[in-house]
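Peer 1: Next comes the sequence, and after it the predicted model I'd like to discuss.
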Amino acid sequence: MGCDARPGSGALPSLSSRTCIRPAPGYPSEVDVASLVDGILTGDPRAVARAISMVEDGAEGLEELSASLYTHTGRAYTVGLTGSPGVGKSTLAGALVAAARERSRDVAVLAIDPTSPFTGGALLGDRLRMQGHATDPGVFIRSMATRGHLGGMALAAPEAVRILDASGKELVLVETVGVGQAEVEVAAATDTTLVVVSPGWGDAVQVAKAGILEIADVFVVNKSDREGAEGAVRELENMIRMGQELDWVPPVVPTSARDSEGIEELWSAIERHRAHLEESGGLAFRRRGRLLREVETLATERLRGRLGGLLAADDGLADELQGRRIDPYRAAAILVGKATGDPG
Ligand SMILES: Nc1nc2c(ncn2[C@@H]2O[C@H](COP(=O)(O)OP(=O)(O)OP(=O)(O)O)[C@@H](O)[C@H]2O)c(=O)[nH]1
Ligand SMILES: [Mg+2]
């Protein structure tokens, strides 16, 4: 079983041929997509790690990998954790991993770090290692940054989640580090989204400001061992009550991830939300919406590349434009027509 040489760029990978992938440390030197897929489907953590690195890099062979895995996905339940730095998301993820393992569920944690591929990973790894999950084959922990993936985290994260799903993980926790719009979006693109806060004045205000009230399926007030936790719970509950009427009212769950307090309550809140989604048809609806948004983003990225190429090569159009013989709107219509074969 060998690897074909591939053209560097341009051509789409054909699904029938094998694509070479650069060897990674700890992985056999000759790796092709087909054996990587086999590895993932048998739950080999090295294959999973390698594939997620490919996603980070936007590596060659990714489309082929994605296509081969797709029919093996759709089984994992995904839970997002988002909230300000230091509120205890990783510690909480560790506690949820323990809860999953007590129920013999295979679980993965994916920490999305858009800024630092190194420190975030180390911190998360340490935090979870301390909790003793590192040697458990039923647990896969990985942090991830985007280095070359077209479309950034919004596309890379769901692809990585599918790899974990295909590898047999029943539960995938997605932690987003940071509070920007992109991080919130990634955490929201899960089946159940946990918004984590910790006690302190103005929690509700922060939540409202960050626009995360809308995305929370469950609120977690972590560090409940600290003063002010009850107040924070009340504040959030009031805010939820004042908000618009929803068919699912997000519960507010106090936890101390450090002391493993409230974790069972949090687990059952997640289960209740899951049951609600399954019974109401909301789960299928959400997942369908997410897939469509992903396709839209992918298609947009493709078109963007094509339009850029066409535009750069079209001196005539630039001349017409600059000579005021056509206006930018018309030029854009012409360009889109050329890219799509649709004369408009
Ligand atoms: N008192 C107390 N401290 C906690 C609790 N949970 C986490 N911590 C501490 O809070 C600090 C931050 O915890 P992390 O789990 O790394 O927080 P995080 O939200 O993942 O942080 P970032 O990933 O950097 O955004 C650590 O020192 C934890 O030990 C808790 O329930 N109570
Ligand atoms: Mg963290």
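Peer 2: Perfect, I can see it now. Ligands and ions are numbered 1, 2, ... in the order given.
Peer 1: and residue 264, what does it touch?
Peer 2: residue 99 (Cβ atoms under 8 Å, 6 or more residues apart in numbering). From N, CA and C alone the C-beta is placed, and that goes for glycine too.
Peer 1: What pLDDT is listed against it?
Peer 2: On the pLDDT scale, residue 264 is placed at 98.
Peer 1: Next, count neighbours for residue 329.
Peer 2: By other Cβ atoms under 10 Å, 8 other residues sit near residue 329.
Peer 1: Find the helix or strand that it is a member of.
Peer 2: helix 328-340 (DSSP states H and E).
Peer 1: and that helix, which residues are buried?
Peer 2: Buried residues in helix 328-340, counted by 16 or more other Cβ atoms under 10 Å: 331, 334-336, 338-339.
Peer 1: Same list, these, but as CSV with pLDDT please.
Peer 2: As requested, the buried residues of helix 328-340 are exported to CSV (pLDDT from 0 to 100):
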residue, pLDDT
331, 95
334, 93
335, 92
336, 92
338, 91
339, 90
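Peer 1: Reformat these as CSV; add distance to residue 238.
Peer 2: Shown next, in CSV, are these (distance: Cβ to Cβ, whole Å):
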residue, distance to residue 238
331, 54
334, 56
335, 52
336, 49
338, 56
339, 52
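Peer 1: I'd like to know which elements the helix holding residue 329 is packed against.
Peer 2: Helix 328-340 sits against helix 282-313, helix 315-322, with contacts defined as 3 or more Cβ pairs under 8 Å, 6 or more residues apart in numbering; DSSP states H and E.
Peer 1: Measure how far it is from the centre of its chain, please.
Peer 2: 34 Å (Cα atoms, centre = their mean, to the nearest Å).
Peer 1: any idea of the angle that helix forms with helix 315-322?
Peer 2: 160 degrees (axes from the mean of the first three to the mean of the last three Cα atoms, to 10 degrees).
Peer 1: can you list contacts of helix 328-340?
Peer 2: By Cβ under 8 Å, 6+ apart, the surrounding residues in contact with helix 328-340 are 303, 306-307, 310-311, 314, 317, 320-321, 326, 342-344.
Peer 1: what are the C-alpha coordinates of that helix, in PDB please?
Peer 2: What follows is helix 328-340, C-alpha atoms only, in PDB (Å, rounded to 0.1, in the frame of the first residue of the first chain):
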ATOM      1  CA  PRO A 328     -18.500  48.100  -9.400                       C
ATOM      2  CA  TYR A 329     -21.900  46.500  -9.200                       C
ATOM      3  CA  ARG A 330     -21.900  45.500 -12.800                       C
ATOM      4  CA  ALA A 331     -18.300  44.300 -12.500                       C
ATOM      5  CA  ALA A 332     -19.200  42.100  -9.500                       C
ATOM      6  CA  ALA A 333     -22.100  40.600 -11.400                       C
ATOM      7  CA  ILE A 334     -19.900  39.800 -14.400                       C
ATOM      8  CA  LEU A 335     -17.300  38.200 -12.100                       C
ATOM      9  CA  VAL A 336     -19.900  36.100 -10.300                       C
ATOM     10  CA  GLY A 337     -21.200  35.100 -13.600                       C
ATOM     11  CA  LYS A 338     -17.800  33.900 -14.800                       C
ATOM     12  CA  ALA A 339     -17.200  32.000 -11.500                       C
ATOM     13  CA  THR A 340     -20.500  30.200 -11.500                       C
END
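Peer 1: now stretch 61-79, how far from the chain's geometric center?
Peer 2: 13 Å.
Peer 1: got the buried residues for it?
Peer 2: 61-62, 64-66, 68-69, 72-73, 76-79.
Peer 1: Can you give me the end-to-end span of it?
Peer 2: By Cα to Cα, to the nearest Å, the extent of stretch 61-79 from end to end equals 28 Å.
Peer 1: change the start of the numbering to 654 and stick with it
Peer 2: Done: numbering now begins at 654, and the last item shifts to stretch 714-732.
Peer 1: Between the helices and strands packed on helix 981-993, which one is closest to ligand 2.
Peer 2: Judged by Cβ to the ion, the one of the helices and strands packed on helix 981-993 that comes nearest to ligand 2 is helix 935-966, at 23.4 Å.
Peer 1: hmm, back to that, mean pLDDT for the helices and strands packed on helix 981-993 - can I get that in CSV?
Peer 2: Conversion of these to CSV gives the following (pLDDT from 0 to 100):
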stretch, mean pLDDT
helix 935-966, 92
helix 968-975, 94
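Peer 1: Including mean neighbour count, could the ones you listed go into TSV?
Peer 2: Putting the helices and strands packed on helix 981-993 into TSV (neighbours: other Cβ atoms under 10 Å) gives the following:
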stretch	mean neighbour count
helix 935-966	13
helix 968-975	12
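Peer 1: No further queries at this time; thank you.
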